[in-house]
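Novice: pasted the sequence and its predicted model underneath.
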Amino acid sequence: MPVKARTAKTLRPSFSPQVLELFLELEHGPKRGEKFKARERELMYKLNLVHEWWTGDSVLDRSATCAYEPQYISFLHWHTCREIRLQLLAATGSAGVRERRDRAVRQGAPH
């Protein structure tokens with residue numbers, strides 16, 4: 001009997017309001033102190049990025065490029081965190097703001 005074949009749709013990530021609120025709080029707040037570290041860990045656990053957190057990677061990392069070589073697990077973890085970070089920025093509406101600010105900083109930087 002023929003089966004209707006169709007391709008699977010790519011699911012958009014969905015984040016709880018608590019995760020989005022915590023991300024925004026950490027993204028726009030000071031990045032130091034024990035409270036920040038504890039809240040960052042809480043965010044990473046809520047995003048199910050426990051292994052990434054233990055290797056020192058984070059969705060709060062604003063680095064433009066990965067600092068790790070491909071043979072290290074942190075290479076994969078950095079890219080995973082980067083992908084989730086971009087999704088969080090898009091979900092909170094922060095992506096456009098960040099891009100405009102980064103562009104302005106680059107244009108104002110000495111050459």
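Specialist: Received it, and whenever you're ready, just let me know what you need.

Novice: all contacts plus neighbour counts: C-alpha atoms, from now on.
Specialist: Noted.

Novice: need the next SSE after the strand or helix carrying Leu26, C-terminal direction.
Specialist: Leu26 belongs to helix 17-28 when elements are defined using DSSP states H and E. For helix 17-28, the following helix or strand on the C-terminal side (DSSP H and E) is helix 33-46.

Novice: got the buried residues for whichever helix or strand comes after that following helix?
Specialist: Using DSSP H and E, the next helix or strand after helix 33-46 towards the C-terminus is helix 50-54. Buried residues in helix 50-54, counted by 16 or more other CA atoms under 10 Å: Val50, Glu52, Trp53.

Novice: and which of those is nearest Ala67?
Specialist: Glu52 (14.6 Å; CA to CA).

Novice: which SS class is the closest residue to that closest one other than its chain neighbours?
Specialist: Spatial nearest neighbour of Glu52, chain neighbours left out: His77 (5.3 Å); criterion: CA to CA, 6 or more residues apart in numbering. Look at His77: counting by DSSP: H, G, I helix; E, B strand; the rest coil, its state is helix.

Novice: my read is that His77 contacts Asp61, right?
Specialist: No: using CA atoms under 8 Å, His77 is not in contact with Asp61; the gap is 11.6 Å.

Novice: neighbour count: those two, which is higher?
Specialist: Using other CA atoms under 10 Å as the criterion, His77 and Asp61 rank with His77 on top: 23 against 13.

Novice: which residues sit in contact with that one?
Specialist: Neighbouring residues of His77 by CA atoms under 8 Å, 6 or more residues apart in numbering: His51, Glu52, Thr55, Asp57.

Novice: and those residues as CSV, adding distance to Lys35?
Specialist: Below are the contacts of His77 laid out as CSV (distance: CA to CA, whole Å):
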residue, distance to Lys35
His51, 21
Glu52, 19
Thr55, 19
Asp57, 18
